[in-house]
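# Pasting the sequence and the predicted coordinates here, then a few questions.
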Amino acid sequence: MRLRPVILFGVVLVMVGAAWSNEPVFDNRGRPVARDGVVREQAGEGALPVDVSKGSYTDPESGLILRWLTSYDALLGFFEDDLIGEDSVAQTCEGQKLGTTDEAPYVYWYEGYTSNFGTGRWSAPFDDDTCSELNNDLVRYFYTRVIADKSFDALLSMGHDDSMRVWINGAQVYEGVEGEWAEDSHQVGVHLNAGWNSILIKMYFPELSEDSGYRYFSLRFLDERSEDPVILTQSIDGWCPKDGEGRTWVYAGGVADLPGAMGSVWASDLRVTNILPYKMLVTIEYFEEGRARPAKADAPDASVDIIFEPHQSRTWERVLPTLFGLNEPQKGMLAIRGFDENDCERGAVSLRTYNRSGAGTFGMNIPFYDIWEGSTCCAQNLVGLTNGPGFRTNLAGFPAVVMDAETEITVTVWDMASGEKASSEFTVKGYFQINDIFDAVGLGHLETSDAAAYITWSNSGTGAKWNFTASVNDNITSDPTFVREGPWFIFPDD
C-alpha cells in the first residue's frame, strides 16, 4: 500500500545544527519563554529580556552602537534649522518618516563595521535644475533605540566632525560645534531609563565636496565611574508597534507538527544564525493555519524574543512544541523579525518541513520571503507541476503584513502538453493549503509533468499581499519538490 500523507509546504530552508531538547518553559501568564528568559508582550513597547545586559546589537567589546536609521540623502539646511521636529520625534520604524514635517526624510537601516560612521559626497542631494550635487550646508539625522536593564547614569561618549547634537528620550543632551573626529573626544553625563531609550543625532556639514572627504561620528556609553563600555541591547526595528511594522520581517508558510497518513508524522525544524559579530535580539511569531500576519491589532498564537551571541546558531527540532510549547497537532506560518532580506538570502534563517514514515524521512527546503515579495493583485504563475499515479501537486498561499481577511482566488490549471485546462474558485484566509490541486479543479485524471497554475485575485482595496507556492509530491516516498512563483505569461484562450 502506498503511503499518501497530506503534504505540507510553504517557506522552508536548510536545517543545520544541534537541537534544543529541553521542555518549553512558561511564565505565570501561560506565555512561552525562550531559553534566555525572554518573553514577548503584544503591547507596542514589548516586554524586556530578563537580563538584557547580555544582549546587544553593538560591538561586543567596545559598546559602540553600529546600526542606525538614516536617510540616503542629506537635507538642505543649517545647524540651527529644525527640519523634522527634533524634540518630538516618536518611535520610528524602517521605511517611515523621521518626524512630521514635510522635509522629514524616510529612513532605512545603515550599518557600520568599524568604530565610526562616515558621510561623504554620495549623501549630497542632487539638483535637477543645475545637474549637480548640492554639497554645502547639509544636515543628516540618525535614529535608534536601545534597551537598558536598569535605570542608571552614564557618560555619553562621542567623536564627531563638524557639528553634532544628540537627544535622548526627546531631550537634547549634547551640542558640539566644528568638531574633528576622534573616538571618545567628547563626553557628557546622561541618564538612561530602564527599558527602551531613543537616541537621535543631528549632524551639520558645511561642505560635503570631494575635497572635504568623509565626515565621521562615533557614539557609545561608558560607565560613569570606571569609564568601561556599557553594553546595551539594540534590536533592528524591534520596538515597532503593530501599526508600524518596519521592514525587517521575513515570512515562512508550512511550519507543522501533526500526524500524517498511515502512522507518519510531519514536523518542522527551525534554524536561526546570527551572521554578524554583534549580539542581537530576534522576535519569532507563529500564526496557525487560516490566520494572516496582522498589520495592526491581532496577536500571534505564540511569540518569543531571543538574544543571540555573535555568530551563534540555534536549531529547534520540532519547533512548534520545543520553542513555543504548542503540543496540539497544527500547522501554520512563521514571522521572524531581526534580519534584513539579505541576511535571509545568505541563509541566516531556515526551516525544514519533513515527513517521517516507514519509507524513510523526506522533506523540502524553501527560501524565506520578505515583505517586498508578494503582491496585492492580480496574478501569479507556477510552472513545472506534475500529476499522475506517482505524483500529486498541492497549492499553498501565505500573506505578508496583512490583516485577518478573506480573499477570493481563482486557480486555473493548464496542461501544456495536452492542452487541457480547468478553473475553480476558492475562498482563502491567512496561510492556506489546497491538497491535490489537479483534482480540486477537475483534472485529477491527467498524467503530466508539464502543467502550470495561474492564480488570479484582487486585494488592492485591503492591501493584502500574497505569495503563492506549490509542492510536487512523490506519492511513494513523500519527497516533495517546492515550486515558487514563475515567469509571467498568459494562458491561451479556450
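Structure received.

# if I've got this straight, residue 122 is in a strand?
No - secondary structure of residue 122 (DSSP: H, G, I helix; E, B strand; the rest coil): helix, not part of a strand.

# Contacts only, for it.
Contact analysis of residue 122 by Cβ atoms under 8 Å, 6 or more residues apart in numbering lists nothing. The way it works is simple: take the backbone N, C-alpha and C, and place the C-beta from them, glycine included.

# next one: residue 455
Neighbours of residue 455 in contact, by Cβ under 8 Å, 6+ apart: 379, 380, 381, 382, 395, 397, 409, 410, 411, 412, 468.

# Mind listing the residues bridging to it?
Beta-bridge partners for residue 455, by DSSP bridges, are residue 380, residue 411.

# and what of residue 219?
Beta-bridge pairing of residue 219, defined through DSSP bridges, involves residue 158.

# Quick one: list the elements packing against whichever strand or helix holds residue 271.
Residue 271 is located in strand 265-273, with elements delineated by DSSP states H and E. Identification of packing neighbours for strand 265-273 by 3 or more Cβ pairs under 8 Å, 6 or more residues apart in numbering; DSSP states H and E yields strand 249-259, strand 280-288, strand 313-316, helix 319-324, strand 330-337, strand 349-357.

# How many neighbouring residues does the closest residue to residue 224 other than its chain neighbours have?
Once flanking residues are discounted, residue 224 sits nearest to residue 153: 5.2 Å by Cβ to Cβ, 6 or more residues apart in numbering. Counted by other Cβ atoms under 10 Å, the residues lying close to residue 153 total 11.

# Strands along the stretch 1-150 of the chain, start to end?
Ranges of strands in the stretch 1-150 of the chain, per DSSP state E, counting those that start in this stretch, are 25-26, 32-33, 67-70, 75-76, 108-111, 117-119, 126-127, 132-133, 136-148.

# Relative to residue 323, which of these is closest?
Taking Cβ to Cβ, strand 32-33 is the member of the strands of the stretch 1-150 of the chain nearest to residue 323, at 7.3 Å.

# Can you pull out the low-pLDDT segments for the stretch 151-300 of the chain?
Counting by pLDDT under 70, the stretch 151-300 of the chain contains low-confidence residues at 236, 238, 241-247, 276-279, 291-298.

# How many residues are close by residue 188?
Neighbour count of residue 188, defined by other Cβ under 10 Å: 14.

# counting contacts, what elements does whichever strand or helix holds it pack onto?
Using DSSP H and E, residue 188 sits within strand 186-192. Secondary-structure packing of strand 186-192 (3+ Cβ pairs under 8 Å, 6+ apart): strand 152-160, strand 162-168, strand 171-179, strand 215-223.

# let's see it at 6 Å
In terms of contacts (3 or more Cβ pairs under 6 Å, 6 or more residues apart in numbering; DSSP states H and E), strand 186-192 is packed against strand 152-160, strand 171-179.

# Which one of these lies nearest to residue 473?
Here strand 152-160 is closest among these (Cβ to Cβ), at 57.1 Å.

# And for that closest one, what's in contact with it?
Here strand 152-160 makes contact (Cβ atoms under 6 Å, 6 or more residues apart in numbering) with 179, 181-188, 190-192, 217-222, 224, 230.

# quick one: contacts for the residue lying closest to residue 478 once chain neighbours are set aside?
Among residues not flanking residue 478 along the chain, residue 355 sits closest, at 4.4 Å (Cβ to Cβ, 6+ apart). Counting by Cβ under 6 Å, 6+ apart, residue 355 makes contact with 5, 260, 264, 266, 362, 478.

# So which of those is the closest to residue 306?
residue 266 (24.3 Å).

# Now that closest one. Nearest residue, chain neighbours left out?
Closest residue to residue 266 in three dimensions, ignoring its sequence neighbours and counting by Cβ to Cβ, 6+ apart: residue 256, at 4.6 Å.

# Spit out the contact partners of that neighbour.
With contact set as Cβ under 6 Å, 6+ apart, residue 256 has these partners: 8, 266, 268, 331, 353.

# Recalculate using a threshold of 10 Å.
Residues near residue 256 by Cβ atoms under 10 Å, 6 or more residues apart in numbering: 6, 8-10, 265-268, 289, 318-320, 329-332, 353-355, 433.

# One more: residue 377?
The neighbourhood of residue 377, defined by Cβ under 10 Å, 6+ apart, consists of 407, 456, 457, 458, 459, 460, 461, 464, 465, 466.

# most neighbours, which of the residues you listed?
residue 464 leads the contacts of residue 377 on contacts (other Cβ under 10 Å) with 26 neighbours.

# what about the residue nearest to residue 425 when sequence neighbours are not counted, distance to residue 274?
Leaving aside its sequence neighbours, residue 425 sits nearest to residue 410 (Cβ to Cβ, 6+ apart; 5.2 Å). Look at residue 410 and residue 274: by Cβ to Cβ, to the nearest Å, they are 42 Å apart.

# ok, the two, which is more surrounded?
Neighbours were tallied for residue 410 and for residue 274 using other Cβ under 10 Å; the higher tally belongs to residue 274 (23 against 14).

# quick one: the one helix or strand residue 199 maps to to chain centroid distance?
Per DSSP H and E: residue 199 is located in strand 195-207. Put simply, strand 195-207 sits 25 Å off its chain's centre (Cα atoms, centre = their mean, to the nearest Å).

# tell me the domain ranges of this structure?
25-36+240-368, 58-234, 377-483 (automatic domain parsing).

# Tabulate those domains in JSON lines, adding columns for distance to residue 489.
Shown next, in JSON lines, are the domains of the chain (distance: least, Cβ to Cβ, whole Å):
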{"stretch": "domain 25-36+240-368", "distance to residue 489": "23"}
{"stretch": "domain 58-234", "distance to residue 489": "32"}
{"stretch": "domain 377-483", "distance to residue 489": "6"}
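
# So for stretch 469-479, mean pLDDT?
Averaged across stretch 469-479, pLDDT comes to 82.

# scratch that, stretch 84-99 is what I was asking about
88.

# returning to what we had before: for residue 490, which of the domains of the chain is the nearest?
Nearest to residue 490 among the domains of the chain is domain 377-483; the distance by Cβ to Cβ comes to 8.4 Å.

# first vs last residue of the closest one, how far apart are they?
Domain 377-483 has its terminal residues 19 Å apart, counting by Cα to Cα, to the nearest Å.

# again with stretch 355-365
Stretch 355-365 has an end-to-end distance of 13 Å (Cα to Cα).

# buried residues in that stretch?
Of all the residues in stretch 355-365, those buried under the rule 16 or more other Cβ atoms under 10 Å are 355, 356, 357, 359, 362, 363, 364.

# Would you mind measuring from the spatially most central residue of the chain to residue 95?
For the chain, the residue sitting closest to the mean C-alpha position, by Cα atoms, centre = their mean, is residue 249 at 1.9 Å. Using Cβ to Cβ, one gets 11 Å for the distance from residue 249 to residue 95.

# okay, and the common contacts of the two?
Among the neighbours of residue 249, those also in contact with residue 95 (Cβ under 10 Å, 6+ apart) are 237, 240, 371.

# Please check the residues you listed and keep the buried ones.
Those of the shared contacts of residue 249 and residue 95 that meet the buried threshold are 237, 240, 371, by 16+ other Cβ under 10 Å.
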